[in-house]
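Participant: Here is my input; please provide its structure:
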Amino acid sequence: MSVDGSKSISKKKKRAAITVNVNGTRYDVVRRCAEALGYKTTTENDDSFIIWSDHTINAERCAELKPYQRINHFPGMGEIARKDCLARNLQKMQRSQPDEYDFFPKTWNLPADYTSLMNHYLDLRKRRKCKTFICKPSNGAMGNGIHLLQNVEKLSMHDNLVVQEYLERPLIVDGMKFDLRIYVLVLSCDPLKIFLYDDGLMRFSTDEYAPPTEKNLDNMFMHLTNYSINKSSENYENCDDENRGSKRSIKYLKMWMASHNYSFTMLWNSITDIVIKTLIVAEPYLLHTYRMARPGTTSCASSSVCFEILGMDIFIDRKLRPWLLEVNRSPSFGCDSKVDADIKFDVIRTAFSLLNLKPSEKWRALAAQKQLSRARLLKPRNNLERKTQFSIRKTFLRSQLLELRRVSEQTKYEDKNSGKFHRIFPARTSKQADYIKLLNGAFKTFLAGRGSMLEQKSHQGMLQHLRESELLDMLQQCEHEEQTAMSNVNPPERAPKPAPKIQPLAKLRPWSSPPVSPFLFSRYTSSPASLPNNSNASYSGSEHNLHTYGERARRLRMNDDMEVNMRKSNALLLKQIDSLFKKDRESASPDSQDTAKKDLNQTTKKPQGGKVPFRSKKIVFNSIIKYKNKSMLSCSINNLGENSLNMSSRPMRAKKCCHNRFCSCPELCSRLGNYHLKSSR
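Facilitator: Residues are numbered from 1 along each chain as shown. The predicted structure is shown next:
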């Protein structure tokens, strides 16, 4: 209750639930697994987090998925799920790696291998050996179309079949032939991540086994172990006990082998090796198809939109040697017994939990997509900042560090929530290096020219044995090298501008009137109170031209040679001026000297008009000014008009002139000077 008595309504924000689309499946166990994890099931084609389908998907369907969605099939898995493709790909690897790929029986794909099959059959007849062959449809399932024969000549060269040598010496348990259905979870193909379920099913035939003869070749209940075939037999036993019935747990096989002094661990390691090598064959196709469907995605298992639960059928002979029979990408999840329900329920539920889905991934993915589109639309047209080699390297190292941390977090989560699944690839044993070699060989075998490119870009997490501390050290070293390089690099020097073309000074002519001594200007600069006060005086045309030229000349940089030449010319000019003064004084009469003194006294007084009367038409002066021991400046002025000196009566202060030198005569420099000579300190 609030203070005023009104009820405070608190609306709790509903937590977004993870939805599972079960519209494409007929198995109720998928719905029960989703509900057990707190997920919401739906049958609409909306933006569900998990999409479960009993049928395969193509690359277009994979490309339509959003980043937060997951689907239970990989495009391209048919390269090992179809019987003909599995035989062809395994034979290719067997030619390049004969010692590694010897775990499947001899196989012929008709009609392509019809001649090879006939030659093999004739060779057996010459040696008086009788072999039994099993014929399967290329893309069949559930035991449909399977039959046995001993005379291969009955086959037609136009039949589309897969023919294999029948394995006649199986391991017999309780008088029955059996095979193993093991469940494999492929969590990602970029990089490849494989999990093997520790348990599985033993599928028994319903009639006691006997070696194949002409009389019992048609007895499928004896030679085949498919559930879809044996469930119609009168001897099929559906029992809830794990140690009895036509379907049993692999735990029973473990107990049976222990009672007969057989090593189950060695058998299971061999089965694990077969699973890894089989999926290595499929990896080049999976990776190529996935990257074509979803280009530009990050190489992290948590970002893969596809996962798949495979059912592999393993045959065990009398010598406890496992053989691969086939791979099912849509294994049956029908639960007819308690063993079925327990194992299949745990397989699907654990697979869902390993996906590590979070409700926040949906709005994060949508926000990231909006940000990318906004950055693409609002991309500035200006020249982008050029990335240096160090910035590119730092960006790469930071991305690798982020990727390593994400992979590490995902690995910890998988190890914690894997349940009965355990990771078999990347392997945590010494065989990992051998598997990597096989994987590289598969890329080169199946993808030819594209194999090397995909090989370089794939499995960075497996091929790089870098730890987080090593990446941090590399990043710190890169930053240190960048700072060192930036401190040693000097700024680029600008090219010097061309020297200005300076007009030569006018030729000196003897003055028609008595000259004015340079002492006159020293008195003006040393006694500011005696200067005329008329700041509003107008400039003449000649003064404006001199001012414009002076501004332009002051802004240009002169090189050292020009400076030396100017100093020499001014020194020569001063000598000429001094010699002219001496001649004029010597030749002047006493009357003219008195007249010059009167003119000098008359000039130093403050005139009423506010202008200094200069009677001479041409004046060249040299004044040396010292102000607080800061600088010494030489000024040279030429072509001054009469009564053209306008100066303020305020005190003069030292300022920086055009050449960054301290000058105590800025008005003189700016209004009257043609150009400045650099001061000599």
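Participant: Kindly give the local confidence score, pLDDT, for residue 260.
Facilitator: pLDDT recorded at residue 260 is 94.
Participant: before we move on, what about residue 397?
Facilitator: 83.
Participant: which one is it nearest to, not counting chain neighbours?
Facilitator: Counting by CB to CB, 6 or more residues apart in numbering, residue 475 is the residue found nearest to residue 397 once chain neighbours are left out, at 4.7 Å. C-betas here are computed from N, CA, C, even on glycine.
Participant: Please identify the helix or strand for the one you found.
Facilitator: Residue 475 belongs to helix 468-488 when assigned by DSSP states H and E.
Participant: cool, and residue 60?
Facilitator: Using DSSP H and E, the element containing residue 60 is helix 59-64.
Participant: Show me what counts as buried in that helix.
Facilitator: The neighbour-count check on helix 59-64 (16 or more other CB atoms under 10 Å) flags residue 62 as buried.
Participant: next one: stretch 254-263
Facilitator: Applying 16+ other CB under 10 Å to stretch 254-263 flags 254, 256, 257 as buried.
Participant: Let me have these in CSV, adding distance to residue 92 as columns.
Facilitator: Converted to CSV, those look like this (distance: CB to CB, whole Å):
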residue, distance to residue 92
254, 35
256, 37
257, 34
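Participant: nearest residue to residue 242 other than its sequence neighbours?
Facilitator: In space, and not counting its chain neighbours, residue 242 is closest to residue 249: 4.6 Å by CB to CB, 6+ apart.
Participant: Residue 341 versus that neighbour, what's the distance?
Facilitator: For residue 249, the distance to residue 341 equals 12 Å [CB to CB, to the nearest Å].
Participant: Same check on residue 441?
Facilitator: According to CB to CB, residue 441 stands 41 Å off from residue 341.
Participant: Please apply the same query to residue 53.
Facilitator: 21 Å.
Participant: same thing with residue 229?
Facilitator: Residue 229 is 21 Å from residue 341, by CB to CB.
Participant: Between the two, tell me which one has more neighbours.
Facilitator: residue 229 (19 against 16; other CB atoms under 10 Å).
Participant: so that one touches residue 147, yeah?
Facilitator: No. Assessed by CB atoms under 8 Å, residue 229 is found out of contact with residue 147, at 11.7 Å.
Participant: show me where the stretch 301-450 of the chain has strands.
Facilitator: 308-316, 322-328, 421-425 (DSSP state E, counting those that start in this stretch).
Participant: can you dump the C-alpha coordinates of the shortest one into CSV?
Facilitator: Written as CSV, here are the backbone C-alpha positions of strand 421-425 (Å, rounded to 0.1, in the frame of the first residue of the first chain):
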residue,chain,number,x,y,z
PHE,A,421,28.3,-37.3,-23.6
HIS,A,422,32.0,-36.9,-23.7
ARG,A,423,34.1,-34.9,-26.1
ILE,A,424,36.1,-37.1,-28.5
PHE,A,425,37.2,-34.3,-30.9
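Participant: Quick one: list the elements packing against it.
Facilitator: Strand 421-425 sits against strand 192-204, helix 264-293, helix 338-354, with contacts defined as 3 or more CB pairs under 8 Å, 6 or more residues apart in numbering; DSSP states H and E.
Participant: Strand partners (parallel or antiparallel) of it?
Facilitator: Its sheet considered, strand 421-425 pairs with strand 192-204 (antiparallel) by DSSP bridges.
Participant: Excluding chain neighbours, what is closest to residue 347?
Facilitator: Nearest to residue 347 is residue 183, by CB to CB, 6+ apart, at 5.0 Å.
Participant: Now do the nearest residue to residue 341 once chain neighbours are set aside, the pLDDT please.
Facilitator: Using CB to CB, 6+ apart and skipping the chain neighbours, the partner closest in space to residue 341 is residue 335 (4.0 Å). Per-residue confidence (pLDDT) for residue 335: 88.
Participant: Please list all residues in contact with residue 335.
Facilitator: Applying CB atoms under 8 Å, 6 or more residues apart in numbering, we find residue 335 in contact with 28, 29, 341, 344, 345.
Participant: Going by secondary structure, the closest residue to the last one other than its chain neighbours is in what exactly?
Facilitator: Read it as residue 345. Once flanking residues are discounted, residue 345 sits nearest to residue 29: 5.5 Å by CB to CB, 6+ apart. Of the helices and strands defined by DSSP H and E, residue 29 is found in helix 28-36.
Participant: still on that earlier bit, tell me which of the strands of the stretch 301-450 of the chain lies nearest to residue 197.
Facilitator: strand 421-425 (5.6 Å; CB to CB).
Participant: could you give the mean pLDDT of the closest one?
Facilitator: For strand 421-425, the per-residue pLDDT averages 95.
Participant: any idea how far residue 414 lies from residue 271?
Facilitator: In terms of CB to CB, residue 414 sits 21 Å off from residue 271.
Participant: Any chance you could give me stretch 97-116 in PDB, C-alpha atoms only?
Facilitator: C-alpha atoms of stretch 97-116 as PDB (Å, rounded to 0.1, in the frame of the first residue of the first chain):
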ATOM      1  CA  GLN A  97      45.500 -43.600 -46.100                       C
ATOM      2  CA  PRO A  98      45.200 -47.500 -46.400                       C
ATOM      3  CA  ASP A  99      46.300 -48.200 -42.900                       C
ATOM      4  CA  GLU A 100      43.900 -45.800 -41.200                       C
ATOM      5  CA  TYR A 101      40.700 -46.500 -43.200                       C
ATOM      6  CA  ASP A 102      40.300 -50.300 -43.000                       C
ATOM      7  CA  PHE A 103      37.200 -50.400 -40.800                       C
ATOM      8  CA  PHE A 104      34.500 -51.000 -43.400                       C
ATOM      9  CA  PRO A 105      33.900 -54.000 -45.600                       C
ATOM     10  CA  LYS A 106      34.700 -54.100 -49.400                       C
ATOM     11  CA  THR A 107      32.000 -52.100 -51.200                       C
ATOM     12  CA  TRP A 108      31.000 -51.600 -54.800                       C
ATOM     13  CA  ASN A 109      28.600 -48.900 -56.100                       C
ATOM     14  CA  LEU A 110      26.500 -50.100 -59.000                       C
ATOM     15  CA  PRO A 111      26.400 -49.500 -61.900                       C
ATOM     16  CA  ALA A 112      29.800 -47.600 -61.800                       C
ATOM     17  CA  ASP A 113      31.700 -50.500 -60.200                       C
ATOM     18  CA  TYR A 114      29.900 -53.300 -61.900                       C
ATOM     19  CA  THR A 115      33.000 -54.400 -63.900                       C
ATOM     20  CA  SER A 116      35.200 -54.400 -60.700                       C
END
